[in-house]
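In: Turn this into a structure:
(one chain, ligands or ions: 2)
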Amino acid sequence: MGQLRLGCIADDFTGATDLANNLVRAGMRVVQAIGVPAGPLAADVDAVVVALKSRTIPPAEAIEQSLEALCWLQAQGARQIYFKYCSTFDSTPAGNIGPVTEALMDALGCDFTIATPAFPDNKRTVFKGYLFVGDVLLNESGMQSHPLTPMADPNLVRVMQAQCRRKVGLIDHAVVARGAAAVTERIAQLQAEGVSIAIVDAVSNDDLLRMGPALAALPLVTAGSGVAIALPANFGLAPSPAASGLPPKGGLRAVVSGSCSLATHRQVRDFIARGGAALAIDPLRIAEGADVAAEALAWALPLLERGPVLVYSTADSSAVKSVQSRLGVEEAGAMVERTIAAIARGLVERGVRQLVVAGGETSGACVQALAITQMQIGPQIDPGVPWCHAQALGQGLHITLKSGNFGGDDFFTRAFEVLA
Ligand SMILES: Nc1ncnc2c1ncn2[C@@H]1O[C@H](COP(=O)(O)OP(=O)(O)OP(=O)(O)O)[C@@H](O)[C@H]1O
Ligand SMILES: O=C(O)[C@@H](O)C(=O)CO
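Out: Ligands and ions are numbered 1, 2, ... in the order given. Below is the predicted model of the structure:
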């Protein structure tokens, strides 16, 4: 068994596959563990991403889970730790990015780390410490009205400082543009000024690759998935198609979507416009006690032989609000998640072996219902979204977990063409 190079802790499931995908593309063999594994690492890989659901839980619980993941990764011999959060820096003044970062620093005895959600492939860039989503600042991107982590301030130095006891500073683009030696020099300067955590600018993959060597000596890196493209080279690894090899595909195909994000809306519309078989599920019927999962499975069964089917609860914001006002936000979400997870499970029991899941929370529910504990990461479908392979209910399953706002319009069709 080779030695584990990079040990990663991700604060949600789709974010974990996003990180794993970038590591694989840069040459690492990666597995994603769902939660902290109970036993030692069984696979010979370069990196493990432990996927937690810690983004919006109380900070003390997020710290506890992250430290448990850290202990496990250290026991596997991880040489560097990577804390992955969202490319839109989803957090509140209470956390959890700052508190988890500081707890990991304390546990590692680490006196300096970086923080950057930059992910240029998905149009998340950081300049002068300000986070842009596409062409607009974070607080104009829609994230200002996120239900759980509204992001009203695009200045990440301020946002991170509000969550941290340690002093937060900035490594700005002028430094990054001069390369790794300039970044190393700036880190020393910031440390002399009492700064322990630096937001780092990056507007392109070249910026991320340039800063990479300067990160080799840090025990802890905290970032979105973007920085991951630069780390495998620090361990002497180069991109190789061998890193993303998965078993050959087979079996029936299906898509389940509980995401109501704008990109997913476009993907549902595109799938239907191409003549795909699609069934919308109605949360109010679930609330009335109808067995919506059984109905969906009965609908899907005769269609599965002909091509991929789509079962979705994806609805526009006024429909979602109306359901939420009748059922309560959490209850509506949990009910839909349970139903979609039961449908995913039923589909796999009926022979589906290639499954697309859309939505972070939805993915968490499906992965749990399918009793998946570990996923091997394969080829990228779109930036941030790879195919994975897992044992699900005792069967081999190709599965992809798509973050709400990731993926091109034709994702639900093209995903199946990417798999060999
Ligand atoms: N029609 C609907 N009415 C009410 N709630 C819904 C409906 N459809 C889905 N939901 C709930 O909305 C939430 C969607 O969250 P989810 O994380 O799955 O998607 P997302 O936010 O688009 O993805 P990501 O977290 O990756 O950005 C889930 O809790 C889901 O159950
Ligand atoms: O970084 C991102 O945007 C994603 O990987 C994610 O975390 C979505 O929840």
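In: From here on, just use CA atoms for contacts and neighbour counts.
Out: Fine.
In: List the contacts of Met28.
Out: Contacts for Met28 (CA atoms under 8 Å, 6 or more residues apart in numbering) come out as Val45, Asp46, Ala47, Pro232, Leu237, Ala238, Pro239, Ala243.
In: Quick check: the fourth one vs Val30, distance?
Out: Put plainly, it is Pro232. Distance, Pro232 to Val30, using CA to CA, to the nearest Å: 11 Å.
In: Tell me who's in contact with the one residue in the stretch 1-150 of the chain that gets nearest to ligand 1.
Out: Closest approach between the stretch 1-150 of the chain and ligand 1, counting by CA to the nearest ligand atom: Thr14, at 6.1 Å. Each residue near Thr14 by CA under 8 Å, 6+ apart is listed here: Gly359, Gly360, Ser363, Leu401, Lys402, Ser403.
In: got JSON lines for those, with distance to ligand 1, pLDDT and secondary structure too?
Out: Shown next, in JSON lines, are the contacts of Thr14 (distance: CA to the nearest ligand atom, whole Å; pLDDT from 0 to 100; DSSP: H, G, I helix; E, B strand; the rest coil):
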{"residue": "Gly359", "distance to ligand 1": "3", "pLDDT": "93", "secondary structure": "coil"}
{"residue": "Gly360", "distance to ligand 1": "4", "pLDDT": "91", "secondary structure": "helix"}
{"residue": "Ser363", "distance to ligand 1": "6", "pLDDT": "95", "secondary structure": "helix"}
{"residue": "Leu401", "distance to ligand 1": "8", "pLDDT": "97", "secondary structure": "strand"}
{"residue": "Lys402", "distance to ligand 1": "7", "pLDDT": "96", "secondary structure": "strand"}
{"residue": "Ser403", "distance to ligand 1": "3", "pLDDT": "93", "secondary structure": "coil"}
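In: that older thread, if we take the contacts of Met28, which one ends up nearest to Glu330?
Out: Distance to Glu330 across the contacts of Met28 (CA to CA) is lowest for Ala47, with 34.4 Å.
In: Specify the beta-bridge partners of that closest one.
Out: Leu6, Val30 (DSSP bridges).
In: picking that back up, need the contacts of Thr14 in a markdown table (columns: neighbour count).
Out: Supplementary listing: the contacts of Thr14 in a markdown table, determined by neighbours: other CA atoms under 10 Å:
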| residue | neighbour count |
| --- | --- |
| Gly359 | 25 |
| Gly360 | 21 |
| Ser363 | 27 |
| Leu401 | 27 |
| Lys402 | 30 |
| Ser403 | 26 |
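In: Next, count neighbours for the closest residue to Ala69 other than its chain neighbours.
Out: Distances taken as CA to CA, 6 or more residues apart in numbering place Val36 nearest to Ala69, at 5.5 Å, with adjacent residues excluded. Look at Val36: counted by other CA atoms under 10 Å, it has 20 neighbours.
In: re the thing from before, same list, the contacts of Thr14, but as JSON lines with distance to Trp387 please.
Out: Shown next, in JSON lines, are the contacts of Thr14 (distance: CA to CA, whole Å):
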{"residue": "Gly359", "distance to Trp387": "15"}
{"residue": "Gly360", "distance to Trp387": "15"}
{"residue": "Ser363", "distance to Trp387": "13"}
{"residue": "Leu401", "distance to Trp387": "8"}
{"residue": "Lys402", "distance to Trp387": "10"}
{"residue": "Ser403", "distance to Trp387": "13"}
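In: The residues you listed into JSON lines, with extra columns for distance to ligand 2?
Out: Supplementary listing: the contacts of Thr14 in JSON lines, determined by distance: CA to the nearest ligand atom, whole Å:
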{"residue": "Gly359", "distance to ligand 2": "8"}
{"residue": "Gly360", "distance to ligand 2": "6"}
{"residue": "Ser363", "distance to ligand 2": "10"}
{"residue": "Leu401", "distance to ligand 2": "10"}
{"residue": "Lys402", "distance to ligand 2": "8"}
{"residue": "Ser403", "distance to ligand 2": "5"}
